[in-house]
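[1] A structural model of the following input is requested.
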Amino acid sequence: MKALTKLTLSTLLMSLTLPLYSYGEEVANAIPISNDFPDCDFETIEEISLSDSRNELSALKKTASDVAKKRGASQIVLLSKLSSPTSPSEPSENSDKISGAALISGCKKEPLAKIGVERNRLLGTTKLSMSYEYNTVIKGRDMTFDFAEIAQSGKKQIQAPALANTTVSFENGVFGLKVGDDLSVLFEKLGTPTAELILNKQDTLYAFGRNLWVVMRNNSVFSISSENTWLSAGLINYFEFDDRPLSSWQVNGSISRGHSLKAIEEQLNGKLIDEYVYQIKSENMVFIDIGLTLRVENNDTHYVAKSFSYGYGYGYEAIKIDPEIIQSAPEIYSRTYADLTKASETLDPISMEQIPFKPILASRGYEGKTLHVYDKSLAIVYSNKMLRKVLISESFLKDAALNIDWEFGLLRYGLSEEDVKKIFGEENIFALGDYWEVYVDNLKYDLYFAKNKQGTTILSELEIEMF
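    Reported below is the predicted structural model:
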């Protein structure tokens, strides 16, 4: 959406002398209120009518301010009875003409940051740079980082600056990265991420190795955590390691992994909010949660620090994976199966370009591989942009509803052991407990079984590797 508005001279002078801010807010924390839509591409997050606020302009501003904070809006625009986000009118200072307020995102004229590399082969030099080439889009969008290109280019294109520090605090943020910092600061402080996951229209998750997870809301830091609460352990085993000391965090410079709850309570001014979380909070609704776990030493059981989470909490919209993004797409399974079947007959490789679907997660993998996840249950591992392995799981995403319904050729979730034997022939199966191995032409099938709620052993997960 794009809205073009010309400011009158009086409006311009007013904006220079008396800027509008959210009702009752300090300027430093306020979300700006204006009568005009910005001259750029933006997204309307929500509209609030005057009737929702007792027909009072002051109440409208207060309601809009509260909702804008929860929804992550960057600006509030007052609507006249003749204006709309698609066709704004000339500004009006007459409250009788105000019909509501639009909560909008920040301008999209500055797209996402991308770390680039320039090489001079004659001089043998490499120059890393940061440019702006990609726009934020929703489901089916291109990833900010082309991890396949990075994998082919080698380690030189991966930027991993030394950590500024290992402190987690309200003043320092996490390793110097604070809530509200934009993508350019994120990449400057932490470098090239290991993985990128689209969560919903406004939130994107960046992983750095397997021990640091950053959520960006509307391209600004929203939360940072040392613990993976998003992806299955099996999936992140394919992620490349980050060799920096990301696990050596210290809350307020004193509390780190393994510190006892007693030490935490002595050194931090917070409280237990449940059995396994100790929390401290700032005045601007930023929280630091210390995750606890039980440790047994010399017959003594006590709680110790295990993880941290920093960022916005209560009063803000929870971070959730959009169901539209993760819903199963049967065509992905049928197309991938058809390509594999054909490749096993012709012995031709399958390139990344042959897979006509956009991933929801992309990651640098170990040994120069690239991982793409296409929906909650199907992922592909590539090497040099060639398909090497197909992964099919109950769900790679912890937040996804389980409604498991994957189907891959003759194989599908829930098949009994006898059904699988009929498909491959018992004589072709190497079985070791709940793991079975089958070779078909140049394909290797790894089948994993588990017991369902009724206690029946069923096919649960599947991996197919190409040779």
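[2] the residue nearest the centre of the chain: which element?
    For the chain, the residue sitting closest to the mean C-alpha position, by Cα atoms, centre = their mean, is Leu205 at 1.8 Å. Assigned by DSSP states H and E, Leu205 falls within strand 203-208.
[3] give me the contacts around that strand.
    136, 144, 186, 190-191, 193-199, 213-217, 222, 228, 230, 236, 239, 242, 244, 246, 319, 363 (Cβ atoms under 8 Å, 6 or more residues apart in numbering). In short, each C-beta sits where N, CA and C put it, glycine included.
[4] for Ile326, see how far away the residue nearest to the centre of the chain is.
    Per Cβ to Cβ, to the nearest Å, Leu205 is found 13 Å from Ile326.
[5] do Ile31 as well
    Counting by Cβ to Cβ - Ile31 and Ile326 are separated by 31 Å.
[6] which one of the two has more residues nearby?
    Ile326 (23 against 18; other Cβ atoms under 10 Å).
[7] let me see the backbone angles for that one.
    phi -100, psi 0 (degrees, to the nearest 10).
[8] ok, the residue nearest to Leu361 when sequence neighbours are not counted - contacts?
    Distance criterion Cβ to Cβ, 6 or more residues apart in numbering; nearest residue to Leu361, sequence neighbours excluded, is Val373 at 3.8 Å. Neighbouring residues of Val373 by Cβ under 8 Å, 6+ apart: 197, 235, 359-362, 379, 396.
[9] again with Ile280
    251, 268-270, 287-288 are the contacts of Ile280 under Cβ under 8 Å, 6+ apart.
[10] make CSV out of these and add pLDDT.
    CSV is the format used below for these (pLDDT from 0 to 100):
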residue, pLDDT
Val251, 97
Leu268, 95
Asn269, 93
Gly270, 94
Phe287, 95
Ile288, 96
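[11] per-residue confidence for the residue nearest to Leu361?
    On the pLDDT scale, Val373 is placed at 92.
[12] what bridges to it?
    Leu361, Ala379 (DSSP bridges).
[13] re earlier: partner strands of the strand holding Leu205 and their direction?
    strand 195-198 (antiparallel), strand 212-217 (antiparallel).
[14] other residues contacting stretch 453-467?
    So stretch 453-467 is contacted by 234, 340, 343, 349-350, 387-394, 408, 411-417, 419-420, 434, 442-452 (Cβ under 8 Å, 6+ apart).
[15] try 6 Å
    Outside stretch 453-467, the residues that touch it by Cβ atoms under 6 Å, 6 or more residues apart in numbering are 388-394, 414-415, 417, 420, 442-452.
[16] ok, now stretch 223-237?
    By Cβ under 6 Å, 6+ apart, stretch 223-237 touches 174, 205, 210-211, 213-215, 307-311, 396, 398.
[17] of these, buried ones?
    The neighbour count (16 or more other Cβ atoms under 10 Å) marks 174, 205, 210-211, 213-215, 307-311, 396 as buried among those.
[18] okay if I get these as a markdown table plus distance to Gln279 and pLDDT?
    As requested, the buried ones among the contacts of stretch 223-237 are arranged in a markdown table below (distance: Cβ to Cβ, whole Å; pLDDT from 0 to 100):
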| residue | distance to Gln279 | pLDDT |
| --- | --- | --- |
| Val174 | 16 | 97 |
| Leu205 | 22 | 94 |
| Arg210 | 24 | 94 |
| Asn211 | 21 | 94 |
| Trp213 | 18 | 97 |
| Val214 | 20 | 96 |
| Val215 | 18 | 95 |
| Ser307 | 13 | 96 |
| Phe308 | 11 | 96 |
| Ser309 | 9 | 96 |
| Tyr310 | 11 | 97 |
| Gly311 | 12 | 95 |
| Phe396 | 29 | 90 |
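[19] which strand or helix spans Asn165?
    Short version, using DSSP H and E: Asn165 is in no helix or strand.
[20] leaving out sequence neighbours, find the closest residue to the residue nearest to the centre of the chain.
    Leu197 (4.2 Å).
[21] I'd say the one you found and Ala362 touch.
    No. Checked against Cβ atoms under 6 Å, the pair Leu197 and Ala362 is beyond contact range at 8.3 Å.
[22] so this protein: which segments form each domain?
    The chain breaks down into these domains under automatic domain parsing: 2-104, 112-312, 323-466.
[23] what segments of the stretch 151-300 of the chain are strands?
    Applying DSSP state E, counting those that start in this stretch to the stretch 151-300 of the chain gives strands spanning 167-169, 173-174, 195-198, 203-208, 212-217, 220-225, 250-251, 271-274, 277-281, 286-297, 300-312.
[24] would you tell me which one of those is buried the most?
    Most buried of the strands of the stretch 151-300 of the chain, by mean neighbour count (mean count of other Cβ atoms under 10 Å): strand 173-174, with a mean of 26.
[25] show residues contacting it.
    By Cβ under 6 Å, 6+ apart, the list of residues contacting strand 173-174 reads 168, 224, 310.
[26] how about stretch 406-413?
    Contacts of stretch 406-413 (Cβ under 6 Å, 6+ apart): 333, 337, 377, 392, 404, 423.
[27] show the buried residues in the residues you listed.
    333, 337, 377, 392, 404.
[28] low-confidence stretches in the chain?
    For the chain, residues meeting the criterion pLDDT under 70 lie at 1-29, 39-41, 51-55, 80-97, 107-157, 314-315, 399-403.
[29] switch the cut-off to 80
    1-30, 35-43, 50-56, 70-72, 80-99, 106-159, 313-318, 323-329, 366-367, 399-404 (pLDDT under 80).
[30] state which helix of it is the longest.
    helix 330-346 (DSSP state H).
[31] what residues sit buried inside that one?
    So helix 330-346, judged by 16+ other Cβ under 10 Å, has buried residues 332-333, 336-337, 339-340, 343-344.
[32] which two of these have the greatest separation?
    Spanning the widest gap among the buried residues of helix 330-346 are Ile332 and Ser344, at 18.6 Å by Cβ to Cβ.
[33] measure stretch 240-249 end to end?
    20 Å (Cα to Cα, to the nearest Å).
[34] what's in contact with that stretch?
    The contact list for stretch 240-249 (Cβ under 6 Å, 6+ apart) reads 163, 166, 168, 194, 208-209, 211-212, 308, 364-366.
[35] and stretch 45-64, which residues are buried?
    Those would be 45, 47-48, 50, 53, 60-64, for stretch 45-64 by 16+ other Cβ under 10 Å.
[36] same thing with stretch 170-190?
    Applying 16+ other Cβ under 10 Å to stretch 170-190 flags 170, 172-179, 181-183, 185-190 as buried.
[37] is Ser65 in a helix, a strand, or coil?
    helix (DSSP: H, G, I helix; E, B strand; the rest coil).
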